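1. Any chance you could fold what I've pasted below:
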Amino acid sequence: MSIEAVRQALLPLGLADRMQFFDVSSATVPLAALAVGVEEARIAKTLSFRGPEGGALLVVAAGDARIDNPKFKAAFGCKARMLTAEEAKQLTGHAVGGVCPFALPEGVAVCLDESLRRFDTVYPACGSANSAIRLTPDELEKASGGRWVDVCKLPE
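-> Predicted structure coming up:
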């Protein structure tokens with residue numbers, strides 16, 4: 001169901017034909033990088049947090065980026081608290097490993113971290129633990145309706 005909802009959301013944008021499905025899991029950054037055949041940093045991981053109003057807040061970040069707690073608190077006015085797997089499924093409609101910034105219920109906030117802008121293309125999931133799609137950062141912004149934030153740090 002989640003995959004089909006994503007397909008329907010991407011179809012009007014002319015992006016659905018770029019969805020990829022794998023015979024292996026792409027549920028983690030390392031697994032997704034192996035499945036897609038790119039460096040881990042180019043995997044656009046979607047992290048699920050509790051938002052300041054109590055709903056879901058998704059942060060899409062580069063695979064090598066980590067949440068910077070002071071930046072997160074400054075941007076959103078609350079401490080970074082990840083959703084449980086059950087909460088993520090309930091609030092986003094996608095299971096952990098396939099959480100993505102597409103085909104979300106009303107009220108789910110999507111934020112795209114600046115760490116993604118280093119790349120010409122990135123690979124977020126498509127609603128399952130064995131999927132991905134190749135998008136430019138601008139296409140990701142358009143397809144997700146997300147806004148750009150700076151809440152991550154990169155490895156040194």
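
2. Distance from stretch 9-16 to the middle of the chain?
-> 17 Å (CA atoms, centre = their mean, to the nearest Å).

3. And that stretch, what's buried?
-> Going by neighbour count (16 or more other CB atoms under 10 Å), the buried part of stretch 9-16 is A9, L10, L15. The way it works is simple: take the backbone N, C-alpha and C, and place the C-beta from them, glycine included.

4. Closest to F21 out of the residues you listed?
-> L10 (13.6 Å; CB to CB).

5. Tell me which helix or strand the closest one sits in.
-> Element membership for L10 (DSSP states H and E) is helix 2-10.

6. which residues touch that helix?
-> By CB atoms under 8 Å, 6 or more residues apart in numbering, the surrounding residues in contact with helix 2-10 are 16, 18-19, 93-95, 98, 100, 102-103, 126-128, 131, 133, 143.

7. next one: it to chain centre, how far?
-> Taking CA atoms, centre = their mean, one finds helix 2-10 lying 14 Å from the centre of the chain it belongs to.

8. Give the rounded mean pLDDT of it.
-> In this model, helix 2-10 has an average pLDDT of 94.

9. Would you state the helices of the chain in chain order?
-> When assigned using DSSP state H, the helices of the chain occupy the ranges 2-10, 29-36, 69-76, 85-92, 137-144.

10. Which positions in the first one come out as buried?
-> Same thing as helix 2-10. Neighbour-count burial for helix 2-10 [16+ other CB under 10 Å]: S2, I3, A5, V6, R7, A9, L10.

11. So the second one versus L140, what's the distance?
-> Spelled out, that is I3. Distance from I3 to L140, counting by CB to CB, to the nearest Å: 18 Å.

12. Also the third one?
-> Distance check for A5 against L140: by CB to CB, it reads 17 Å.

13. How about the contacts made by the residue nearest to the spatial centre of the chain?
-> The centroid of the chain falls nearest to T46 when counting by CA atoms, centre = their mean (2.7 Å). For T46, the contacting residues are L58, V59, V60, V99, C100, P101, P124, A125, by CB under 8 Å, 6+ apart.
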